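> fold the stuff below for me.
(one chain, ligands or ions: 1)
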Amino acid sequence: MNAITFDRSRAKFPVVEVATSHINGVTLSAGNGGERLPVFSPASEDVIAHLKEADKAEVDAAVRAAREAFDKGPWPRMSTDERKRIMLQIKQKLIEHGDEIAYLETLNAGLTNTYVRGFHVNRMGQNFEFFAEVASQASGDAYLQTKPYLSVVTREPIGVGALIGPWNAPIALCSMKIASCIAFGNTCVLKPSEFTPLSLLRVVEIINSTDIPKGVVNLVNGRGQVTGDALISHPGVDVVSFTGGTTTGRAIASKAGQNLKPVALELGGKSANIIANSANLERALDGALLGIYSNNGQQCLAGSRILVQSKIADEFIAKFIERSKRIVVGDPMDPKTQIGPVCYEGHMKRVLSYVDVAKSEGGELLTGGKRYAGQPKGYYIEPTAVIAKSNTTRVCQEEIFGPFATFLKFDEIDEAISIANASDFGLVGYIWSEHLPTVMKVSQSVRAGTIWVNTPLTRELRAPFGGYKDSGIGRDSAQDCLMFFTEAKTTTIPLQDFPMAKWGA
Ligand code: NAD
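So this is what the prediction gives:
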């Protein structure tokens with residue numbers, strides 16, 4: 001097998017040499033100087049571009065552009081129907097550029113092109129349409145109980161949003177942040193992960209090629225400690241929306257707390273995927289494989305702790321191993337590939353390090369556990385599964401965030417529920433069973449923000465999504481985003497004159 005290589009002159013779509021910031025409708029020129037970081041292709045290990053890091057002054061310029069667009073610009077003042085028209089225009093343009101955006105996402109993040117083109121690009125477009133609809137249907141409240149007053153509650157945009165995203169699904173996750181923020185009349189500054197700047201820079205350029213006023217959507221590129229920190233510390237920011245790791249989330253929440261800024265945190269997970277004796281085995285098997293291996297295993301909502309009931313455990317695990325061995329690993333641009341490389345070298349090493357962790361804790365490696373040998377270069381990992389000795393082990397408690405499944409066996413459903421809940425995380429839970437009382441017991445007892453019954457990874461945009469415990473604060477949904485990205489204002493008007501004390505008369 002020949003190594004995959006990146007050749008800029010033969011790239012399917014243009015790839016910038018230096019990814020800079022995009023402020024007030026303009027992508028900054030790279031110029032000279034500044035901190036520059038290499039941007040890699042995880043499929044080939046080639047340096048495919050550089051990132052010019054936004055320093056404090058550049059972040060300040062981005063926040064000032066967003067502030068100006070919010071305080072004086074037309075976006076918060078325009079009719080909701082006009083904003084909706086522009087949001088739909090954004091959707092259309094993003095879909096028109098879908099092949100290009102998907103190419104950049106695959107090149108930089110290593111996600112398979114089939115998955116990104118078929119799913120994430122459409123989700124990105126849908127996010128703009130969905131939140132345009134939500135904003136256009138939003139309404140306020142009126143209170144007439146206290147006579148003779150009418151009190152009207154309206155929701156007003158909150159201001160400038162600092163939006164910070166991770167590398168595991170850049171366009172799907174960050175488009176949700178942008179759309180839910182701007183739909184209600186806010187403006188924003190997005191900071192993508194320093195590992196994956198390419199697709200989102202193009203997305204923001206395309207957004208700014210529509211009728212959207214300049215300064216509504218800005219982007220700064222750089223590392224979290226530098227660019228991200230400058231952004232969340234900026235006094236011109238009114239609200240912080242963050243998706244990423246739990247440790248980073250804690251740091252961001254404390255900083256936002258000091259500045260009294262509302263913060264929404266979507267963090268990690270170690271979700272239990274419970275397979276009961278009463279499950280439809282074939283469907284549970286399909287679901288368990290998708291639940292842990294799709295998106296190259298890098299998803300917060302992965303079913304990464306697979307709990308199987310004793311009667312079916314041996315058969316289920318044997319079939320899981322057999323299927324894992326047949327999964328197609330390889331070039332993420334190849335339509336046949338099911339698992340591409342993980343995002344960067346340090347992450348690959350971290351994921352693989354859990355094989356030794358599992359063994360040292362008395363666990364057994366069931367399949368995989370190595371760098372995939374079918375590609376001479378790139379950060380490919382064999383689909384990996386271990387069986388752990390107990391739920392207290394690190395492989396059951398820590399988010400590994402790669403194509404790495406951890407199995408445990410259980411006897412009674414109550415035991416599975418206890419195991420599911422013995423975790424610092426609480427993002428999602430899965431239950432596979434054809435027995436309604438079992439389904440209901442699990443769905444009512446597992447402490448997680450979403451429970452999937454006999455289905456993997458189904459996001460209903462209208463319904464809340466978010467985590468219990470260390471998996472986050474706040475929810476995404478039509479109603480939750482409306483509440484988060486707007487301020488409530490009560491206006492009280494007397495409907496007739498009323499007696500007033502005449503002080504000093
Ligand atoms: P990360 O926390 O390392 O980084 C996320 C973002 O925060 C990046 O843009 C980073 O540059 C920035 N950042 C880091 N330190 C910062 C600081 N001090 N100030 C401001 N910004 C800072 O996470 P990651 O490794 O990019 O992403 C993987 C994590 O994201 C996993 O834990 C995963 O579970 C989580 N995630 C959660 C969800 C969800 O919806 N719950 C979705 C996707 C990913």
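
> CA atoms for contacts and neighbours, from now on please.
OK.

> and for the residue most central in space within the chain, nearest residue in space, chain neighbours not counted?
Central residue of the chain (Cα atoms, centre = their mean): residue 173, 3.8 Å from the mean position. Once flanking residues are discounted, residue 173 sits nearest to residue 165: 7.1 Å by Cα to Cα, 6 or more residues apart in numbering.

> coming back round to it: how about the residue nearest to the centre of the chain, phi and psi?
phi -80, psi -40 (degrees, to the nearest 10).

> that one is in contact with residue 164, isn't it?
No - the criterion here is Cα atoms under 8 Å, and residue 173 misses it with residue 164 at 9.8 Å.

> tell me the bridge partners for the closest residue to residue 458 other than its chain neighbours.
Distance criterion Cα to Cα, 6+ apart; nearest residue to residue 458, sequence neighbours excluded, is residue 452 at 7.4 Å. Using DSSP bridges, the bridge partners assigned to residue 452 are residue 430.

> give the contact list for residue 452.
By Cα atoms under 8 Å, 6 or more residues apart in numbering, the contact list for residue 452 reads 428, 429, 430, 431, 458.

> stretch 282-291: which residues count as buried?
Residues 284, 285, 287, 288, 289, 290, 291 are the ones in stretch 282-291 that count as buried (16 or more other Cα atoms under 10 Å).

> pLDDT score assigned to residue 19?
Looking at residue 19, its pLDDT stands at 98.

> hey, what's it bridged with?
Beta-bridge partners, per DSSP bridges, of residue 19: residue 51.

> circling back: of the buried residues of stretch 282-291, which is the nearest to residue 107?
Nearest to residue 107 among the buried residues of stretch 282-291: residue 290, at 22.2 Å, using Cα to Cα.

> could you find the closest non-adjacent residue to that closest one?
Among residues not flanking residue 290 along the chain, residue 456 sits closest, at 7.1 Å (Cα to Cα, 6+ apart).

> my guess is the one you found meets residue 432, correct?
No - counting by Cα under 8 Å, residue 456 stays clear of residue 432, with 9.6 Å between them.

> more neighbours: those two, which one.
Under the criterion of other Cα atoms under 10 Å, the comparison of residue 456 against residue 432 puts residue 432 first, with 28 against 25.

> residue 282 is in contact with the more buried one, correct?
No - the criterion here is Cα under 8 Å, and residue 432 misses it with residue 282 at 10.5 Å.

> how near is the residue nearest to residue 458 to the ligand?
Going from residue 452 to the ligand by Cα to the nearest ligand atom, to the nearest Å gives 15 Å.

> residue 168 now?
Plainly put, residue 168 is 6 Å away from the ligand if you go by Cα to the nearest ligand atom.

> what number of residues lie near that residue?
Applying other Cα under 10 Å, I find that residue 168 has 24 neighbouring residues.

> which one is it nearest to, not counting chain neighbours?
Once flanking residues are discounted, residue 168 sits nearest to residue 298: 5.9 Å by Cα to Cα, 6+ apart.

> cool, and residue 55?
Nearest residue to residue 55 in three dimensions, chain neighbours excluded: residue 227, at 5.9 Å (Cα to Cα, 6+ apart).

> and that neighbour, that one's in a helix?
Yes - according to DSSP: H, G, I helix; E, B strand; the rest coil, residue 227 belongs to a helix.

> run through the residues that contact it.
53, 54, 55, 56, 59, 191, 220, 221.

> could you dump the residues you listed into a markdown table and include distance to residue 238 and neighbour count?
Listed next are these as a markdown table, based on distance: Cα to Cα, whole Å; neighbours: other Cα atoms under 10 Å:
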| residue | distance to residue 238 | neighbour count |
| --- | --- | --- |
| 53 | 23 | 24 |
| 54 | 20 | 27 |
| 55 | 20 | 20 |
| 56 | 17 | 17 |
| 59 | 15 | 29 |
| 191 | 15 | 29 |
| 220 | 17 | 31 |
| 221 | 20 | 30 |
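
> for the ligand, see how far away residue 261 is.
Counting by Cα to the nearest ligand atom, the gap from residue 261 to the ligand is 14 Å.

> quick check: that residue touching residue 235?
No - Residue 261 lies out of contact with residue 235 (Cα under 8 Å); the separation is 9.6 Å.

> all set now, cheers.
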